[in-house]
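> structural data only, the sequence is not supplied:
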C-alpha cells in the first residue's frame, strides 16, 4: 500500500536524493524551491557576490562549512532560483570530497578543478570566476596534501583568514583579492538577542513541513490520509497532526537549543529536516502491517505507543545520533520527587485507560483510546511502563514549552560575553566565578586560596587578589548568529596587571559556579570533570603572593593560622593568629 504522506516526508531524510543539491543543475525543482528557508548566511553570500561581480578579475569563492549545513543548496538556490542571477558566468563545484575519475584521488580531482587558481596560473590574465562548496576537513586536507603544494597563495589566504580555526569573525571582502570566502562554521541555527533566543529559522523549517497551505506538499499529502481506511489508527498520520501544533514544535526546538548549548553538539540544517522525519515516521513502519484489530493486541499496542512522536523523541533508542542526544533531555531523565510519586500512583492503579484518555484529549492520539482497550493490560508491568512513559512525555511536550531559568541565564551570559561592550554586565556571574576560584579547594575567606591540600593535617594557603577583567569596545549591541556555546571570562591577579587569564565556561560548569556561589562545595568528581577550570585556577594561583607570604591552617581547626612572610633581605617573619 502506497502512502503519499510518507513519500513526501521521506524527502526530508538524509539518504534522500532531495537532501543533496547539484549546484550545476539548471532545472528548477519545485520541491527544492518550496523547501528553501532563508537564513543570514544567504545575505552574507549575496553581499560578497555583488562585490566580486563588480570587479572584472579572477575570483575563487569558497563556501566553507560542514556536511549538511546547506552549502550546496545555497549554490543551487543562487544558480537556479534567485532572481538576481549572481552566479551567472561562474563555474560551480559542489562536491569536493569525491573523485571524478577512478584513477584519481579526491585531492587530485580537486587540484585539476582548481588549476586556474594554482600558483602557476593565478596571474595568467584569464578572469575565471568559480564558487566551490567545500567541507573544512577537505579544505584542510587539500592544502596539506602533495597537490596542495601548488596552491601556496590559497594556503596563505586560508591561514590569514583563520578559516580552519574556531574564529567566529565575519568574513570581509578582500579588495582586489583572488580568494574570497563565506563560512557556515559557527553559524548557528538560531540567534542570540538582548531579549533571549531568536529561533525564527528553525520555526520556518517546521512551518515549511506542517503549515496548512495549499503550496505545502506535506500538508496536501496529509489530506489524502482522510481517504485511507487505516487513517483512524495510523500512527504516522497522528504524529503529523500532533506536530502541526505550535507548542509541540516549540518544545522540539527547545530540545534542539539544549543539545547545541548544553551538549555542544553541532547540528546542520539537514539534521533538522531528518529529525522531523524521524519524529513522525517510526523506524521500519509499514502501512501493510496495520489493521484495526492489531491495536488490541498487547504487543501491537506497545508498537503504536512507541511509534508516537513523544516516545520517538524520548525513549526509542538509536534512531539517529541527534535523537539519542535529544532524549537525554526528556522529562523522565530529570528525576524528581513529583515524578517518583506519579510512578507509584500510576503503578498501583488498574484504570490506566483513564490516564491515557485524559492526557490525549484534544490530540490525534485520542482516536485510539477505545480501540486499544488499555484496561485489559492493567496488570502487565511492561505495558503499564510503556503507557506511563507516553503519558509523562506527551505531558512534557504539551506543557514544558519554556526554557528553565538557569538555562535562560546561561544564554544571556553567552550573549553578554560575546558582545564585548556589554561584558561588564556579567558582574553577578563574575562575582560567583571569583568565589568559585577561591573555594575550589576549600573556603578560607576572601582573597585567600588553597595552593596545597595534600597534607593530611594542614592546608597551605596564599593571598590572591583578583581583578575582574571584562573587555569593552565601541560596538553596539547586536544579534548574534555566530557564537560558541561558552561564556568567556577573564581575571587579572592584582600584582600582575599585564598577565590576564581567560577561561571558557560551558553550561555544566556554569551551573556548578552558580551553586558554589550559593554555598556548594565542589567534589573530587567535579574537579576531575572540569579539569580546564582547575587548570585556570592553578594558573591564577601561580601568580599569587606565595613567593612573599604563605599561611598554614590546621585541618579541623580553621581558626588557627600560621603566617610565614618573606621580608626584604630574605628575612623570614613568623606569626600565629587565632
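In hand now; what should we look at? Being a predicted model, the structure only gives us computed values, none of them experimental.

> OK, contacts around residue 415?
Shown in contact with residue 415 (CB atoms under 8 Å, 6 or more residues apart in numbering): 192-194, 480, 483. For the C-beta atoms, the positions are set from N, CA and C on the backbone; glycine is no exception.

> just the helices in the stretch 401-550 of the chain please.
Applying DSSP state H, counting those that start in this stretch to the stretch 401-550 of the chain gives helices spanning 405-418, 427-438, 507-517, 524-529, 531-541.

> let's have these in TSV, adding distance to residue 466 and mean pLDDT.
Putting the helices of the stretch 401-550 of the chain into TSV (distance: least, CB to CB, whole Å; pLDDT from 0 to 100) gives the following:
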stretch	distance to residue 466	mean pLDDT
helix 405-418	17	92
helix 427-438	6	90
helix 507-517	14	95
helix 524-529	19	92
helix 531-541	7	90
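
> which stretches of the stretch 201-350 of the chain form helices?
Secondary structure of the stretch 201-350 of the chain, counting by DSSP H, counting those that start in this stretch: helices at 217-224, 235-243, 246-261, 269-280, 298-306, 309-312, 321-327, 337-347.

> most tightly packed of the ones you listed?
helix 309-312 (a mean of 25; mean count of other CB atoms under 10 Å).

> and the spatially closest residue to residue 418 that is not a sequence neighbour, backbone torsions?
Of all residues not flanking residue 418 in the chain, residue 483 sits nearest, at 5.0 Å (CB to CB, 6 or more residues apart in numbering). Backbone torsions for residue 483, taken as degrees, to the nearest 10, come to phi -170, psi 160.

> can you give me the strands in the stretch 51-200 of the chain?
With strands called from DSSP state E, counting those that start in this stretch, the stretch 51-200 of the chain shows them at 59-65, 91-93, 129-135, 179-183, 187-193, 196-198.

> circling back: would TSV of the helices of the stretch 201-350 of the chain with mean pLDDT be doable?
Converted to TSV, those look like this (pLDDT from 0 to 100):
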stretch	mean pLDDT
helix 217-224	95
helix 235-243	96
helix 246-261	95
helix 269-280	96
helix 298-306	85
helix 309-312	96
helix 321-327	94
helix 337-347	76
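
> distance to residue 124 for the helices of the stretch 401-550 of the chain - can I get that in TSV?
TSV is the format used below for those (distance: least, CB to CB, whole Å):
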stretch	distance to residue 124
helix 405-418	43
helix 427-438	56
helix 507-517	52
helix 524-529	56
helix 531-541	49
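
> tell me which of those lies nearest to residue 78.
For the helices of the stretch 401-550 of the chain, the distance to residue 78 is smallest for helix 405-418, at 29.2 Å, taking CB to CB.

> low-confidence ranges in the stretch 451-578 of the chain?
470-477, 495-498, 558-561, 565-578 (pLDDT under 70).

> please repeat the previous calculation with a cut-off of 90.
By pLDDT under 90, the weakly predicted segments of the stretch 451-578 of the chain are 451-484, 488-502, 517-519, 538-578.

> tell me the domain boundaries of the protein?
Domain assignment for the chain by automatic domain parsing gives 36-185, 190-399, 406-577.

> how about these, which one is nearest residue 7?
Ranking these by proximity to residue 7 (CB to CB) places domain 190-399 first, at 7.1 Å.

> just the terminal-to-terminal distance for the closest one.
Using CA to CA, to the nearest Å, the end-to-end distance of domain 190-399 comes out at 22 Å.

> follow-up on the earlier one: against residue 403, how distant is the residue nearest to residue 418?
17 Å (CB to CB, to the nearest Å).

> burial check on the residue nearest to residue 418, number of neighbours?
When neighbours are defined as other CB atoms under 10 Å, residue 483 has 18 of them.

> mind giving me the packing neighbours of the lengthiest helix in the chain?
Longest helix of the chain, by residue count under DSSP state H: helix 381-399. Contact partners of helix 381-399 among helices and strands, from 3 or more CB pairs under 8 Å, 6 or more residues apart in numbering; DSSP states H and E: helix 246-261, helix 298-306, helix 309-312, helix 337-347, helix 352-359.

> which one of those lies closest to residue 538?
Nearest to residue 538 among the helices and strands packed on helix 381-399 is helix 246-261; the distance by CB to CB comes to 27.4 Å.

> by contact count, what packs against that closest one?
Judged by 3+ CB pairs under 8 Å, 6+ apart, the packing partners of helix 246-261 are strand 187-193, helix 200-210, helix 235-243, helix 269-280, helix 321-327, helix 381-399, helix 405-418.

> distance to residue 35 for those - can I get that in JSON lines?
Compiled in JSON lines, the helices and strands packed on helix 246-261 are given as follows (distance: least, CB to CB, whole Å):
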{"stretch": "strand 187-193", "distance to residue 35": "15"}
{"stretch": "helix 200-210", "distance to residue 35": "6"}
{"stretch": "helix 235-243", "distance to residue 35": "16"}
{"stretch": "helix 269-280", "distance to residue 35": "8"}
{"stretch": "helix 321-327", "distance to residue 35": "19"}
{"stretch": "helix 381-399", "distance to residue 35": "25"}
{"stretch": "helix 405-418", "distance to residue 35": "29"}
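
> which one of the ones you listed lies closest to residue 4?
helix 235-243 (11.0 Å).

> other residues contacting the closest one?
Counting by CB under 8 Å, 6+ apart, helix 235-243 makes contact with 3, 5-6, 9, 206, 209-210, 218, 222, 225, 228, 231, 248-249, 252, 276, 279-282, 285, 304, 307-309, 312, 363-365, 367-368, all of which sit outside it.

> go again with 6 Å.
With contacts defined as CB atoms under 6 Å, 6 or more residues apart in numbering, helix 235-243 is touched by 210, 222, 225, 231, 280-281, 304, 307, 309, 363-365.

> and the angle from that helix to helix 298-306?
30 degrees (axes from the mean of the first three to the mean of the last three CA atoms, to 10 degrees).

> got the angle between helix 235-243 and helix 246-261?
Using the same axes, to 10 degrees, helix 235-243 lies at 90 degrees relative to helix 246-261.

> mind listing what the residue nearest the centre of the chain touches?
Central residue of the chain (CA atoms, centre = their mean): residue 260, 1.9 Å from the mean position. By CB under 6 Å, 6+ apart, residue 260 lies in contact with residue 267.

> quick revisit: out of the domains of the chain, nearest to residue 16?
domain 190-399 (8.7 Å).

> still on that earlier bit, relative to residue 468, which of the strands of the stretch 51-200 of the chain is closest?
strand 187-193 (22.1 Å).

> what does that closest one rub up against?
Counting by CB under 6 Å, 6+ apart, 41, 197-199, 201-202, 415, 479-482 sit against strand 187-193.

> ok so, going back, contacts for the longest helix of the chain, please.
248, 251, 298, 302, 305, 310-311, 314-315, 331-332, 346, 352, 355-356, 359, 377.

> quick check: buried residues in it?
By neighbour count on 16 or more other CB atoms under 10 Å, the buried set for helix 381-399 is 383-384, 386-394, 396-398.

> with that, I have no additional questions.
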